[in-house]
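# Sequence and computational prediction follow.
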Amino acid sequence: MLSDNFAYPRLIEYFEELSAIPRASYHEEKIAEYLCDFARSRGLEYYRDEFNNVLINKVATHGCENIPPLLLQGHTDMVCEKNQGVEHDFSRDGLKLYESDGWIRAEGTTLGADNGVAVATMLYVLDGGVARHGALQCLFTASEEVGLEGAKSFDYSRIFARRMINMDSADESLVIASCAGGQRSSLTFDVMSEEICANAIFKITVKGLFGGHSGEDIDKGRANANKLMGRALDAVIDEHTRIVSIYGGTKDNAIPRECVALVATDDAYTVNERIENMREALSDGLCAEDSGFSLVCELVSQNTCVSVPDKKTTDKVIFVMLTAANGIYEMNNAVEGIVEWSRNLGIVSVNDMGAELVFSSRSSFASRIDASASELDAYARILGGDIRHYNRYPSWKFAEHSRLQEDYKRAYSSIFENEPCITGIHAGLECGFISEAIPDMDIISCGPVVLDLHSPDERLDKASFERFFSVVKAVIEQ
């Protein structure tokens, strides 16, 4: 059992319970029902809104009525990624958890520790996991992974606490005190389809890349499968070879690990030769984590007629894949080691019905997010495409003075015998919307060690989860 050798068995059991509940972004109905049933069965005051955000309140324990109220917060949805060939329906199936060498993982899929650790922690606290506490509010927000939509839509007049612990961070040694803002952008092109007959249809696959979170991992040097595929296709496409389809990435906020393209050609020899040459070229300079990279060219069929998008449009798509800035624009000039401005080409989808490229831009400065959007506007204007910017979310500015930071550092030091690092992250947190709605809210973000978020390699350090809760418990009870 996962709870073996764990100081707080019920905490792990809650994590297992919620892992059995499908909770993809925009589909949090079942987890919201679970939370409401949990509150009703314990006589706790709760509120659920139309967006499946859930707020549960618990009164102070006897003698603690004068302790300032505390808000705990995390999101219920998870990034739904799986390894190629894994049979798993995220709309219906629960996760299959297991422990290996002290790490909790899911079989072939993302684990959902982002942000299941927060949900489990709040449930355990509400169910008596702390001995004494002031008034508690626990806010479970929905659709965080698709633009922080739940936090953006919540009615914050229901929040009376003015101290808040967000638990959507992934390193126990850090206390996060600021975050980037961001925006998604979709560049689309209409296509004219036509029927062609070709001597051969090839499937070209970029795979084996490590991927990861497009904010927190953008500085790791990991390759983007869509960008590599752009280079491969640019080398292959000529007057004898046409694109049939391209599918790369599934989430704008995940660095794409795989991209697959179908091409139709009358010159099979040249396609094979050029892919062979590109294999070494694309592997040059890849980081150690991308050592599994491969570029595969497989014959799918011969002497086949197929519907393809017009060449003019596919040339535009390849041009964008090749030239659109991806990765780090600029590092933070004030905080060493922190990315300030970035963009990720998360999704490419092309077929005979249409073409779309989806980007995620991030920065602590709204003007730089605007600048990234303007660059994409220029692509649309020059190439004749349509651009849509959406899911805009604000940054969270660093607070020079924070009583909660001091309380957390004191609790942390009593367990770790050193102090955590106070820093910011290059990722979006719901703290941005909450601080915007409640300017006098004292906020920190923290969490246990979780590695490789947004990928099937996601894993939670079990011992860190125990230590993390011990710190949160100490903050609540002090």
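Okay, I see it.
# Quick check: longest helix in this protein by residues?
Across the chain, the helix with the greatest residue count (assigned by DSSP state H) is helix 366-383.
# where do the strands sit along the stretch 101-250 of the chain?
For the stretch 101-250 of the chain, strands defined by DSSP state E, counting those that start in this stretch occupy the ranges 103-106, 136-141, 163-166, 174-179, 181-189, 193-207, 212-213, 241-248.
# In terms of mean pLDDT, which of these ranks lowest?
Looking at these, the lowest mean pLDDT belongs to strand 212-213 (a mean of 87).
# Need the residues that contact that one.
Lys220, Arg222, Asn253, Ala254, Ile255, Ala427, Asp452, Leu453, His454, Ser455 (C-beta atoms under 8 Å, 6 or more residues apart in numbering). From N, CA and C alone the C-beta is placed, and that goes for glycine too.
# Leaving out the residues flanking it, which one is nearest to the first one?
The one in question is Lys220. The shortest distance from Lys220 to any non-neighbouring residue, by C-beta to C-beta, 6 or more residues apart in numbering, is to Gly212 (6.5 Å).
# ok, that neighbour to Tyr408 distance?
Per C-beta to C-beta, to the nearest Å, Gly212 is found 27 Å from Tyr408.
# likewise Leu44?
Between Leu44 and Tyr408 the computed distance is 25 Å (C-beta to C-beta).
# And these two? Which one has more around it.
Taking other C-beta atoms under 10 Å, Leu44 and Tyr408 do not tie; Tyr408 has more neighbours (23 against 17).
# helices or strands up against the helix or strand the more buried one falls within?
Assessed by DSSP states H and E, Tyr408 sits inside helix 403-416. The contact analysis (3 or more C-beta pairs under 8 Å, 6 or more residues apart in numbering; DSSP states H and E) places helix 403-416 against strand 163-166, strand 174-179, strand 442-445, helix 462-477.
# Enumerate the positions of that helix that are buried.
For helix 403-416, the neighbour count (16 or more other C-beta atoms under 10 Å) marks Leu404, Gln405, Asp407, Tyr408, Lys409, Ala411, Tyr412 as buried.
# Could you check the angle that helix makes with strand 174-179?
Angle, helix 403-416 to strand 174-179, by axes from the mean of the first three to the mean of the last three C-alpha atoms, to 10 degrees: 160 degrees.
# okay, now the domains of the chain?
If you go by automatic domain parsing, the domain ranges for the chain are 9-180+395-477, 183-393.
# who wins for proximity to Ser3 among those domains?
Closest approach to Ser3 among those (C-beta to C-beta): domain 9-180+395-477, 3.9 Å.
# What's the end-to-end length of that closest one?
Chord length of domain 9-180+395-477, first to last residue, is 19 Å (C-alpha to C-alpha, to the nearest Å).
# Okay, and Asn391 sits in which element?
Element membership for Asn391, per DSSP H and E: strand 386-393.
# Now tell me what touches that strand from outside.
146-149, 152, 181-189, 369, 373, 376-377, 379-380, 428, 432-433.
# List the buried residues in it.
Within strand 386-393, the residues that count as buried by 16+ other C-beta under 10 Å are Ile387, His389, Asn391, Arg392, Tyr393.
# now swap in stretch 325-333 and tell me
Buried residues in stretch 325-333, counted by 16+ other C-beta under 10 Å: Asn326, Gly327, Tyr329, Asn332.
# and what of stretch 1-12?
Under 16+ other C-beta under 10 Å, the buried positions of stretch 1-12 are Leu2, Ser3, Phe6, Tyr8, Arg10, Leu11, Ile12.
# Might you calculate how far the helix or strand of the chain with the lowest mean pLDDT sits from the centre of the chain?
The helix or strand of the chain with the poorest confidence is strand 212-213; it has a mean of 87 (mean pLDDT, DSSP states H and E). Centroid separation between strand 212-213 and its chain, computed with C-alpha atoms, centre = their mean, to the nearest Å, is 7 Å.
# partners of it, with directions?
Next to strand 212-213 in the sheet, as set by DSSP bridges, lie strand 254-255 (antiparallel).
# Please list the residues outside the strand it pairs with that contact it.
When contacts are defined by C-beta under 8 Å, 6+ apart, strand 254-255 is touched by residues 79, 81, 209-214, 217-218, 222, 224, 344, 346, 454-455.
# which one of those has the most neighbours?
Counting neighbours by other C-beta under 10 Å, the top entry in these is Ser214, with 31 neighbours.
# which of the contacts of strand 254-255 lies closest to Trp103?
Ser455 (13.9 Å).
# so what's the closest one closest to, chain neighbours aside?
Gly211 (4.6 Å).
# show me what contacts that neighbour?
Applying C-beta under 8 Å, 6+ apart, the residues near Gly211 are Glu81, Asp217, Arg222, Ala225, Ala254, Ile255, Pro256, Arg257, Asp452, His454, Ser455.
# Between which two of those residues is the distance greatest?
Maximum distance among these (C-beta to C-beta): 15.8 Å, for Ala225 and Asp452.
# So for the two, which sits in the more crowded spot?
Neighbour count, other C-beta under 10 Å: between Ala225 and Asp452, Ala225 has more, with 26 against 20.
# hmm, back to that, what would the buried residues of strand 386-393 look like in a markdown table with distance to Ala118?
A markdown table is the format used below for these (distance: C-beta to C-beta, whole Å):
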| residue | distance to Ala118 |
| --- | --- |
| Ile387 | 34 |
| His389 | 29 |
| Asn391 | 21 |
| Arg392 | 23 |
| Tyr393 | 18 |
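# Quick check: end-to-end length of stretch 237-244?
One end of stretch 237-244 to the other measures 11 Å (C-alpha to C-alpha).
# what is the mean pLDDT for the helix or strand hosting Arg362?
Using DSSP H and E, Arg362 falls within strand 354-363. Per-residue pLDDT over strand 354-363 has a mean of 97.
# Stretch 421-433 too?
92.
# And it, what's buried?
So, applying 16+ other C-beta under 10 Å, buried residues of stretch 421-433: Ile422, Thr423, Gly424, Ile425, His426, Ala427, Gly428, Leu429, Glu430, Cys431, Gly432, Phe433.
# Same check on stretch 146-157?
Residues Val146, Gly147, Leu148, Glu149, Gly150, Ala151, Lys152, Ser153, Phe154 are the ones in stretch 146-157 that count as buried (16+ other C-beta under 10 Å).
# How many residues are close by the closest residue to His426 other than its chain neighbours?
Leaving aside its sequence neighbours, His426 sits nearest to Val339 (C-beta to C-beta, 6+ apart; 3.9 Å). A count of nearby residues for Val339, using other C-beta under 10 Å, gives 24.
# Val339 against Met331, yeah?
Yes: contact criterion C-beta atoms under 8 Å: Val339 and Met331 qualify, at 6.0 Å.
# So the nearest residue to Glu375 once chain neighbours are set aside, which state does it fall into?
Leaving aside its chain neighbours, Glu375 sits nearest to Ala325 (7.0 Å; criterion: C-beta to C-beta, 6+ apart). Counting by DSSP: H, G, I helix; E, B strand; the rest coil, the backbone at Ala325 sits in coil.
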